[in-house]
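1. sequence below, structure please.
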Amino acid sequence: MPRASLLLFITAAVVALFAILASYTTLFASITASPALRTHFLRTMVNSSTLGDVYFLSHGGPPMVEQTEAPPYKAWRKFGKIIEANPPKGIVVVSAHWENDQGLKTGVVVNSNVLNPLIYDFHGFPKRFYQLKFASKAEPELQEKVVGALKEGGIPLSRADRGLDHGVWIPFKAAFGEDTTFPLVQVSLPASANPVESIKLGQALSKLRAQGYAIVGTGQVVHNIRDLFSGKGLPYTGPFLEDTSKALSSSDCVSATLDLTKHPLYKKAHPTDEHFFPLLVAVGATSSSDHIEEIYKGVVDIGGRTVENDGLGWGMWRWTSAA
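-> Coordinates of the predicted model:
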């Protein structure tokens, strides 16, 4: 090749290289500047062999989204930062506030609405709480994977055109702000009142962890609203919260957590089961080799203040693969 042609070729190659570097610089600058773009970029880089995490969140009520200095709110923010730093391919969530509403005798319901509109399923609050927004979408691909996992696990199912109840969007709004780029699909609690069925639901959904999806249960460790507002006090909150923490950290957390439904204080802590069963779903989705991390545990009153007993029991945990 003539010397002049060689120089021309080298010059063109250098110019092309700098153009490529400039485009990557622009790309990474935009990703760094935008949390949403950064999260989306990291999520697309997740290897399908990465085992998704499992979480349980206490979800609280609408006023907690304004109590930004309260320990539960800070715990939700911590959850959000963990998710953004360890992005799953999507999230499957089971909330205390979607029970059997399809007349099923057994099985669960899967939300088929890809837009995830919000359900303001609470009453008597100021108007501003009914104007809160949180945007998310449910990818059809994830919906079908959820259905497939349930069928493989022998869980009867139906579908419903529904939105996200406050058991999901309240903590997620605090965690992620106005929106999230993660695909998000909600599944109902089992129709059966047998706690074993909630464990089985978690076990069926656990198959999705191998594909990089996170499983989240939202409820409350102690949820006796009647006693909370009656002024009688809740002397059982602290002891039941501590025993729940011990059960989750035991070598056989599935059996130990199931046994809590026979605990002497269980019916005080949970006059009805729906706020405890999402914890069973989460535990059912874990593996015996998982590592458990406590995100937050405490007793908080209606003003968002930490108290010894006279409040609801809050607990939030994360299970990660030991591999």
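
2. mind listing what's buried in the helix or strand harbouring residue 173?
-> Assigned by DSSP states H and E, residue 173 belongs to helix 166-176. For helix 166-176, burial by neighbour count (16 or more other Cβ atoms under 10 Å) applies to 166-176. Where C-beta positions appear, they are placed from N, C-alpha and C, glycine not excepted.

3. who are the packing partners of that helix?
-> Contacts defined by 3 or more Cβ pairs under 8 Å, 6 or more residues apart in numbering; DSSP states H and E place helix 166-176 against helix 71-85, strand 91-95, strand 179-187, strand 214-219.

4. hey, C-alpha coordinates of the shortest one in CSV?
-> So that's strand 91-95. In CSV, the C-alpha atoms belonging to strand 91-95 read as follows (Å, rounded to 0.1, in the frame of the first residue of the first chain):
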residue,chain,number,x,y,z
ILE,A,91,-40.6,-8.3,40.3
VAL,A,92,-43.5,-10.6,41.2
VAL,A,93,-45.3,-9.3,44.2
VAL,A,94,-48.0,-10.8,46.6
SER,A,95,-49.8,-8.4,48.8
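
5. direction included, what does that strand pair against?
-> Strand pairing for strand 91-95, determined by DSSP bridges: strand 179-187 (parallel), strand 214-219 (parallel).

6. avg pLDDT for the first one?
-> For strand 179-187, mean pLDDT is 97.

7. returning to what we had before: what lies in contact with the helix holding residue 173?
-> Residues from elsewhere that reach helix 166-176, judged by Cβ atoms under 8 Å, 6 or more residues apart in numbering: 57-62, 64-65, 73, 76-77, 79-80, 83-84, 93, 95-98, 118-122, 132-134, 136, 164, 180, 184, 186, 218-219, 278.

8. re earlier: deepest-packed of the strands paired with strand 91-95, please.
-> Comparing the strands paired with strand 91-95 by mean neighbour count (mean count of other Cβ atoms under 10 Å), strand 214-219 comes out on top with a mean of 28.

9. and stretch 77-85, how far from the chain's centre?
-> Centroid displacement of stretch 77-85 relative to its chain, using Cα atoms, centre = their mean, to the nearest Å, is 11 Å.

10. give the buried residues for it.
-> 77, 79-80, 82-84.

11. of the residues you listed, closest to residue 288?
-> residue 82 (22.1 Å; Cβ to Cβ).

12. secondary structure class for the closest residue to that closest one other than its chain neighbours?
-> The shortest distance from residue 82 to any non-neighbouring residue, by Cβ to Cβ, 6 or more residues apart in numbering, is to residue 318 (6.6 Å). Assigned by DSSP: H, G, I helix; E, B strand; the rest coil, the conformation of residue 318 is strand.

13. could you give the bridge partners of residue 318?
-> Applying DSSP bridges, one finds that residue 318 bridges with residue 55, residue 293.

14. who touches residue 90 in this structure?
-> With contacts defined as Cβ under 8 Å, 6+ apart, residue 90 is in contact with 139, 142, 182-185, 213-214.

15. got the phi and psi for it?
-> The phi/psi pair for residue 90 (degrees, to the nearest 10) reads phi 180, psi 180.

16. sorry, back to before: and the contacts of helix 166-176, which of them are buried?
-> 57-62, 64-65, 73, 76-77, 79-80, 83-84, 93, 95-98, 118-119, 132, 134, 136, 164, 180, 184, 186, 218-219, 278.

17. now the helices for the stretch 1-150 of the chain?
-> Using DSSP state H, counting those that start in this stretch, the helices of the stretch 1-150 of the chain run over residues 3-33, 35-44, 71-85, 140-152.
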